[in-house]
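[1] okay, sequence plus prediction incoming.
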Amino acid sequence: MARAADFDLAKELGKPSFTPAQRDAPALVELVIADHDKAAAVLAKLGDAARAALAARLDLPDEGGRARVVAALGLLARAGDGAARTELLARVTDPGVRVRRAAESALGKLGGDDARDALLARLAAGDAPPDELRTLVEALGKLGGPDVLARLRALDPGRDAELARRRDRALLMIERDAGRTADSTIDATVALPFVVRLRCKTGLGALLVEELGRTARVDASTDSWVETRVARWDALWQWRLWATAGLRVPLRGSRRDASDAEVARAIVDALTAPDVRNLLRAMTRGPIRWRLGFPSGHRRALVWHIARDVAARAPELVNDPTQTVWDVLVDEGALELVPRRADDPRFAWRVAEVPAASHPTVAAALAFVAGAQAGERVWDPFCGSGAELVERARLGPCTLLGTDLDETALAAARENLAAAKVDAKLAIADARTHAPPPVDLIVTNPPLGSRVHVDAAALLVAALPGFARALAPRGRLVWITPAAKHTNAAAERAGLRLARDVSIDLGGVRGRLQRWDRIAP
């Protein structure tokens, strides 16, 4: 297709819809040389034409332009262009420092024995200026291997603080990667010396306090977490309303206005304290891999600084964000140690899922509020994947009925019920018109937010008269409504009395977890 006379390639690069042609390769190379920020990525799409156009400009007298050409060849090599890779290897000995650095940086991202050998040979030459030496160390850290590890350990950075930082980071990466062949698990039977914070859906804190209060002491609580002490981690599995849990380790001297250096020192001190190290050793079977998280932002430079200092004090603690066993979260003047590989058996029945299904802790909360009467008849009119039915069955003997309009959801419910070894009768039915035999309990998390394409409040208001008719004398309705202002009035008109009302956040959707009792005639 012919292009307009005023066609401007540089401007076109900024348009997401622009597709380069093979004939654009030479012009794109000139834009690369001129340091256009999008030209190299677009050029890399042209394969052989791009490589030929780049190779034609490798004799540029301008070192900066030549370095940008080499960097663009690196993009082609990463896409699998063998000839571009060969050219990069050759450029490691280019007369220009900037060109060598571009090649070395690209080879560090490529990997492979040939790249490692070329960079080690360049390091061994001993004549790399400081800026190139930093690039070499960083690239070798990405490549790893025993030879690289030995060379970097022997490297003396002198007074070059940036070289020392890159060397230390490279050593951390190599040592971390070397240990990835060994698996790690959590031993949940080890005695715990720290307070445990149990986090739940916002709004469920008061219910979680009630659940814990039956067998344990609550030290502190909010609407989204509860703190307690347990003898060992697997004791937590007796409670079902919490979603995540972590061990609280105080950060000594932590202040809101603390500098990064002070924050780093406090975190390193806490994580390498003898009682924390002893606990991590005892609870971890295999390498102790950890990663650090802050309430907001990645703060990568600070994380690497902390990881380096932790490794120096406690070499057994391996900073590894990819295969972490422990999340170390900075939160409210404390570190929260969250084991990632503790086999939590509470919701092992959850083998099938449907979009926007109940979180199992929410299903457990509904069952908790509903309570249990032996042998009662239970109906979930919006049963989805069956979570509420499973959680109610755990509380004691009952007869279960689940209905839904979605056969896919019912199929998932059958799988989950089977995994939980729970019997239930499932059927396709509209909750607004279905008339089951009398039931003692209706427990359900109705379709909310994105789960339906109709007015959820109107759906529930329309279903309420049928729910009330289905309830036996002194029967209960336990559900979550997104529009209590509308559904409360409808429930009262239907002869129900509000017995429990808890605000809950379902991940962006606010609702009220309620229990309604049928008023005896």
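    Looks like it arrived, so ask away.

[2] how far away is the closest residue to Phe347 other than its chain neighbours from Thr399?
    Nearest-residue entry for Phe347: Pro360, 4.2 Å, with adjacent residues in sequence omitted and distances by C-beta to C-beta, 6 or more residues apart in numbering. Quick note: C-beta positions are derived from backbone N, CA and C, even for glycine. Using C-beta to C-beta, to the nearest Å, Pro360 is found at 22 Å from Thr399.

[3] sec struct for Ala150, please.
    Per DSSP: H, G, I helix; E, B strand; the rest coil, the local secondary structure of Ala150 is helix.

[4] for it, give me the pLDDT.
    With respect to pLDDT, Ala150 scores 92.

[5] distance from the chain centre to stretch 39-50, please.
    34 Å (C-alpha atoms, centre = their mean, to the nearest Å).

[6] now the end-to-end length of it.
    Using C-alpha to C-alpha, to the nearest Å, the end-to-end distance of stretch 39-50 comes out at 11 Å.

[7] could I get the buried residue list for that stretch?
    For stretch 39-50, burial by neighbour count (16 or more other C-beta atoms under 10 Å) applies to 39-40, 42-44, 46-47, 49-50.

[8] re the thing from before, what is the neighbour count of the residue nearest to Phe347?
    A count of neighbours around Pro360, defined by other C-beta atoms under 10 Å, yields 21.

[9] could I get the full set of strands for the stretch 351-500 of the chain?
    In the stretch 351-500 of the chain, strands defined by DSSP state E, counting those that start in this stretch lie at 376-380, 398-404, 425-428, 439-444, 471-481, 496-505, listed in chain order.

[10] next, format those as a markdown table and append distance to Leu247.
    Below are the strands of the stretch 351-500 of the chain laid out as a markdown table (distance: least, C-beta to C-beta, whole Å):
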| stretch | distance to Leu247 |
| --- | --- |
| strand 376-380 | 36 |
| strand 398-404 | 37 |
| strand 425-428 | 41 |
| strand 439-444 | 34 |
| strand 471-481 | 31 |
| strand 496-505 | 25 |
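
[11] got these as JSON lines, with distance to Gly65 and mean neighbour count columns?
    Shown next, in JSON lines, are the strands of the stretch 351-500 of the chain (distance: least, C-beta to C-beta, whole Å; neighbours: other C-beta atoms under 10 Å):
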{"stretch": "strand 376-380", "distance to Gly65": "69", "mean neighbour count": "24"}
{"stretch": "strand 398-404", "distance to Gly65": "65", "mean neighbour count": "22"}
{"stretch": "strand 425-428", "distance to Gly65": "69", "mean neighbour count": "14"}
{"stretch": "strand 439-444", "distance to Gly65": "68", "mean neighbour count": "25"}
{"stretch": "strand 471-481", "distance to Gly65": "63", "mean neighbour count": "21"}
{"stretch": "strand 496-505", "distance to Gly65": "55", "mean neighbour count": "16"}
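
[12] out of those strands, the one nearest Thr284 is which?
    strand 496-505 (33.2 Å; C-beta to C-beta).

[13] quick one, helices of the stretch 401-521 of the chain?
    For the stretch 401-521 of the chain, the helices defined by DSSP state H, counting those that start in this stretch occupy 407-419, 456-470, 484-493.

[14] ignore what I typed, I meant the stretch 251-400 of the chain.
    Under DSSP H, counting those that start in this stretch, the stretch 251-400 of the chain gives helices at 260-271, 274-283, 300-313, 360-370, 387-394.

[15] where does Gly179 land on pLDDT?
    67.

[16] do the one 4 residues further on as well
    Among the per-residue scores, Asp183 shows a pLDDT of 86.

[17] tell me the secondary structure for it?
    coil.

[18] wait, it touches Thr284, no?
    No: with contact defined as C-beta atoms under 8 Å, Asp183 does not reach Thr284; the gap is 10.9 Å.

[19] looking at these two, which is more packed in?
    Thr284 (22 against 11).

[20] is that one in contact with Val318, as I believe?
    No: the pair Thr284 and Val318 does not pass the contact test of C-beta under 8 Å, sitting 10.3 Å apart.

[21] can you give me every residue that contacts the residue nearest to Asp94 when sequence neighbours are not counted?
    Of all residues not flanking Asp94 in the chain, Arg100 sits nearest, at 5.2 Å (C-beta to C-beta, 6+ apart). Listed by C-beta atoms under 8 Å, 6 or more residues apart in numbering, the contact set of Arg100 reads 91-94, 122, 132.

[22] what of Pro20?
    Per C-beta under 8 Å, 6+ apart, neighbours of Pro20: 28, 42-43, 45-46.

[23] again with Leu251
    By C-beta under 8 Å, 6+ apart, the contact list for Leu251 reads 266-267, 270, 330, 333-335.

[24] save those as JSON lines, and put in neighbour count, pLDDT and distance to Ala56 too.
    Output for the contacts of Leu251, formatted as JSON lines (neighbours: other C-beta atoms under 10 Å; pLDDT from 0 to 100; distance: C-beta to C-beta, whole Å):
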{"residue": "Ala266", "neighbour count": "21", "pLDDT": "95", "distance to Ala56": "56"}
{"residue": "Ile267", "neighbour count": "24", "pLDDT": "96", "distance to Ala56": "52"}
{"residue": "Ala270", "neighbour count": "20", "pLDDT": "97", "distance to Ala56": "58"}
{"residue": "Val330", "neighbour count": "21", "pLDDT": "94", "distance to Ala56": "52"}
{"residue": "Gly333", "neighbour count": "14", "pLDDT": "89", "distance to Ala56": "61"}
{"residue": "Ala334", "neighbour count": "19", "pLDDT": "95", "distance to Ala56": "60"}
{"residue": "Leu335", "neighbour count": "24", "pLDDT": "96", "distance to Ala56": "56"}
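
[25] care to break the protein down by domain?
    9-178, 186-339, 360-518 (automatic domain parsing).

[26] redo these as a markdown table? Include distance to Val354.
    Shown next, in a markdown table, are the domains of the chain (distance: least, C-beta to C-beta, whole Å):
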| stretch | distance to Val354 |
| --- | --- |
| domain 9-178 | 34 |
| domain 186-339 | 19 |
| domain 360-518 | 5 |
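
[27] what residues sit buried inside the helix or strand harbouring the residue nearest to Asp94?
    Using DSSP states H and E, the element containing Arg100 is helix 97-110. By neighbour count with 16+ other C-beta under 10 Å, helix 97-110 contains the buried residues 98-108, 110.

[28] pick out whichever of these sits closest to Ile288.
    Lowest distance from Ile288 to those (C-beta to C-beta) belongs to Gly108, with 27.7 Å.

[29] picking up where we left off before, and the contacts of Leu251, which two are furthest apart?
    Farthest pair in those, by C-beta to C-beta: Ile267 and Gly333, 11.4 Å.

[30] Ala520 is in contact with Pro473, isn't it?
    Yes: the criterion here is C-beta under 8 Å, and Ala520 meets it with Pro473 at 5.4 Å.

[31] can you give me the neighbour number for Asn445?
    Burial of Asn445, expressed as a neighbour count using other C-beta under 10 Å, amounts to 26.

[32] can you give me phi and psi for it?
    Main-chain dihedrals, Asn445, degrees, to the nearest 10: phi -110, psi 100.

[33] ok so, going back, mean pLDDT lowest where, among the helices of the stretch 251-400 of the chain?
    Among those, helix 300-313 carries the lowest mean pLDDT, at a mean of 91.

[34] looking at this structure, which helix is longest?
    In the chain, assigned by DSSP state H, the helix with the most residues is helix 161-178.

[35] wait, His36 sits on Lys11?
    No: His36 is beyond contact range of Lys11, at 10.6 Å (criterion: C-beta under 8 Å).

[36] neighbour count winner among these two?
    When His36 and Lys11 are compared for neighbours, His36 comes out ahead with 18 against 10, by other C-beta under 10 Å.

[37] next up, the contacts around that one.
    10, 13.

[38] and Val137, by the same measure?
    Applying C-beta under 8 Å, 6+ apart, we find Val137 in contact with 123, 152, 155, 163, 166-167, 170.

[39] hmm, try it at 6 Å
    166-167, 170 (C-beta atoms under 6 Å, 6 or more residues apart in numbering).

[40] mind putting those residues into TSV with pLDDT, distance to Asn445 and neighbour count?
    Conversion of the contacts of Val137 to TSV gives the following (pLDDT from 0 to 100; distance: C-beta to C-beta, whole Å; neighbours: other C-beta atoms under 10 Å):
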residue	pLDDT	distance to Asn445	neighbour count
Arg166	90	52	23
Arg167	91	54	22
Ala170	89	50	24
